[in-house]
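Colleague: below are the sequence and a predicted model for it; my questions follow.
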Amino acid sequence: MKKTFFIILSTLFYLLSTIYFLRSTVGVVHAQTATLSISPPVVEILIAPNKKATQTFNIKTQGDNVSIIPELHLVKPSDSTGHMSVDPNPVNLSTLPIIVNSPEHPLGQQLHIVGENLPLTLSFEAPNTDAPIDTYLALVVKAVSTSPFQSTSVATPSISALMLITLNPTGVMPINLEIKNFDLGAVHDSWLPLTPHPSLYNQSSIMIRPQGNYEILDPSGKTIFTLPLYPNLVLGNSSRNLQSTIKDLPSDLTWTPSWHDFGPYTVRLTIESQGGTKLTQIEKTIWLIPLRLGIITLTLITLVIILLTASRKHSKVKVV
Amino acid sequence: MRKFLLICILILSTNYFLRSTIGVVHAQTSMDSSNYKIRLGNFNMTSGSKSSASYNLTDTVGQIAANYFSSTGYHVKAGFQYIYALYDFSFSISNLAVNLALTPNSFSTASHTLTVTTPGQGYSVTTYETSKLTNDNSDTIPDTTCDAGTCTESSAGAWTVATNNGFGYNVTGNDVATDFTGPTMFRPFPDFSASEPPATIMTTTSAGKNRVATVNYKLSPSASQASGTYTTQIIYIATPTY
């Protein structure tokens, strides 16, 4: 009896302690995740004919049983805020005006690099050309699962890095810029901030990164407010919203007048090249009128008159 | 009693020994403590824009492969100093497989999350399906047109009635497209095989870390839908702004 009790107790203790230790070492099985990162995310390349440049992208993946497929796709601007739309089809490299190669890792083929950095080097070779031409590409890296799925749908995450390439034989850029949407009313209440939303349209097919200034001039012609414009890149045949630079970050073109400002003020936008050459300029005159102040004053005067009139009538009634 | 104690000590020491030797192997992606974390492969010391009355300077110190490469005939601007941020552009998805049941005139749902970290001035995530849900006999499940029959690949509509059959998705969370105004608003996926352009589901013009959106899939097949395993591939592409 004592021996049986001893065996049962030992077995129970063995089971309990084994369960406890196993619990702390065996992990939980998670759903199959995939993480991709790429650096640098955006590259600008200016290249002359018969020259060659190389760029290395560091690609990293995390996730079990995940491989990657690097591909090149064409991209084009999709709005005025710097977003791009990626062509879903990989580009046929022979149709590009420049020669792009991936000497170490062929594009379109599956690579297994889980948990590691893959330096993917692309070379760009410019052929002879007479006129400058831009090419906008995305290096799209797809994460592909290597495990067979029995699922309704399989999600494939992809990350892309942009390559914005100008092939220029002369070094002289064709520039044709137009400021749009600089629509300010003829009258503005000096109580409220003034925030125009202009955009810059690049009518040439070559990208440009202009700079410039946003200025307010008072009725005497003196500059009373200046903001440097954020040097956003404007791709060929596309527009980009103009923003100011505040602490190195893009911000609105907001000017807050004083509540008593009155008269014709000039709002001026100047676009310059990186070297400081004036490319285009636009001015608008707006009348600042303290409308809200006027309405408040008028209301107060009316109230005072009404009160005074009522008070006089009341006095006359008493005398009678 | 002495024997019992001896066996207990033996079991405990064996288990402890096993636990301390069979460790979990982690990929060494970072060095960290309670006070710091260093991500390997990109050890930045400083970067940004400096200026005075006589000069303007942008710099990145320590980042691998960051530079303004220039020679006779080419210039390459590569690195975060050109977009003023100190972290990588990354995109992750919580589950690569989505399982939905095939119950006639009844909703089946599944979801997973997309996470984006972006430097610079923002990003966008676009999506499309390679084809409609298709089985081995080439039968297809149509994409949803929602309750009113008006939702499109770029404009969500309310979809709450299961007899309005189809396959669609809804997105909630950070930076999601503005037409996804609530959990009942759905869109059909753009069909790549029908040359439909990809749809934008997340977009912003700001830098951000770990921006998370949940994609909710919904399927309601008709009563006459042929049985079988229907599959498709949903592609998500994260693209930085320039």
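Modeller: Structure received.

Colleague: what number of residues lie near B:Pro188?
Modeller: Residue neighbour count, defined by other C-beta atoms under 10 Å in any protein chain shown, stands at 24 for B:Pro188. (C-beta placed from N, C-alpha, C; glycine too.)

Colleague: output the below-cut-off pLDDT ranges for the stretch 101-250 of chain A.
Modeller: Low-confidence segments of the stretch 101-250 of chain A, defined by pLDDT under 70, span residues A:114-115, A:149-150.

Colleague: show me which residues of it are close to chain B?
Modeller: With the criterion set to C-beta under 8 Å from any C-beta of the partner chain, the stretch 101-250 of chain A comes near chain B through A:115, A:117, A:126, A:138, A:140, A:142-143, A:145, A:149-162, A:164, A:233, A:235, A:248-250.

Colleague: in the stretch 1-150 of chain A, which spans are strands?
Modeller: Here the stretch 1-150 of chain A has its strands, by DSSP state E, counting those that start in this stretch, at A:34-39, A:42-47, A:52-62, A:66-77, A:84-90, A:99-101, A:117-125, A:133-145.

Colleague: any idea what A:Ser244 is bridged to?
Modeller: Note on A:Ser244: beta-bridge partners A:Leu229, A:Ser251, judged by DSSP bridges.

Colleague: sorry, back to before: and the buried ones among the residues of the stretch 101-250 of chain A next to chain B, selectable in ChimeraX?
Modeller: Those of these that meet the burial criterion (16 or more other C-beta atoms under 10 Å in any protein chain shown) are gathered into one ChimeraX selection, given here:
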select /A:117,126,138,140,142,143,145,149,151,152,153,154,155,156,157,158,159,160,161,162,164,233,235,250
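
Colleague: next step: the residues of the stretch 101-250 of chain A next to chain B restricted to helices.
Modeller: In helices, defined here by DSSP state H, there are no members of those.

Colleague: point out where chain B drops to low pLDDT.
Modeller: Counting by pLDDT under 70, chain B shows low-confidence ranges at B:1-86.

Colleague: residue boundaries of the helices in it?
Modeller: Using DSSP H, the helices found in chain B span residues B:2-21.

Colleague: how is it partitioned into domains?
Modeller: Taking automatic domain parsing as the domain assignment, the record places the domains of chain B at B:39-82, B:90-240.

Colleague: make a markdown table out of the ones you listed and add distance to A:Asp261.
Modeller: Converted to a markdown table, these look like this (distance: least, C-beta to C-beta, whole Å):
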| stretch | distance to A:Asp261 |
| --- | --- |
| domain B:39-82 | 30 |
| domain B:90-240 | 31 |
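
Colleague: most neighbours per residue, which of the ones you listed?
Modeller: Per-residue neighbour counts averaged over each of the domains of chain B give the maximum for domain B:90-240, namely a mean of 19 (mean count of other C-beta atoms under 10 Å in any protein chain shown).

Colleague: got the contact list for the closest residue to A:Ala155 other than its chain neighbours?
Modeller: Distances taken as C-beta to C-beta, 6 or more residues apart in numbering or on different chains place B:Ile234 nearest to A:Ala155, at 4.8 Å, with adjacent residues excluded. For B:Ile234, the contact set (C-beta atoms under 8 Å, 6 or more residues apart in numbering or on different chains) comprises A:153-156, B:98, B:127-129, B:189.

Colleague: tell me which of those residues fall in strands.
Modeller: Using DSSP state E, the members of these that fall within strands are A:153-156, B:98, B:127-129.

Colleague: follow-up on the earlier one: and the contacts of B:Ile234, which two are the farthest apart?
Modeller: Greatest spatial distance among those (C-beta to C-beta): B:Val98 and B:Tyr128, at 15.0 Å.

Colleague: mind checking the SS state of A:His314?
Modeller: Secondary structure for A:His314, judged by DSSP: H, G, I helix; E, B strand; the rest coil, is helix.

Colleague: backbone dihedrals for the residue of the stretch 1-150 of chain A found nearest chain B, please?
Modeller: Ranked by C-beta to the nearest C-beta, the top residue of the stretch 1-150 of chain A for proximity to chain B is A:Lys51, at 3.2 Å. For A:Lys51, the backbone dihedrals (degrees, to the nearest 10) come out as phi -120, psi 160.

Colleague: can you pull up the bridge partners for B:Leu114?
Modeller: For B:Leu114, the residues forming beta bridges with it (DSSP bridges) are B:Ile93, B:Ala213.
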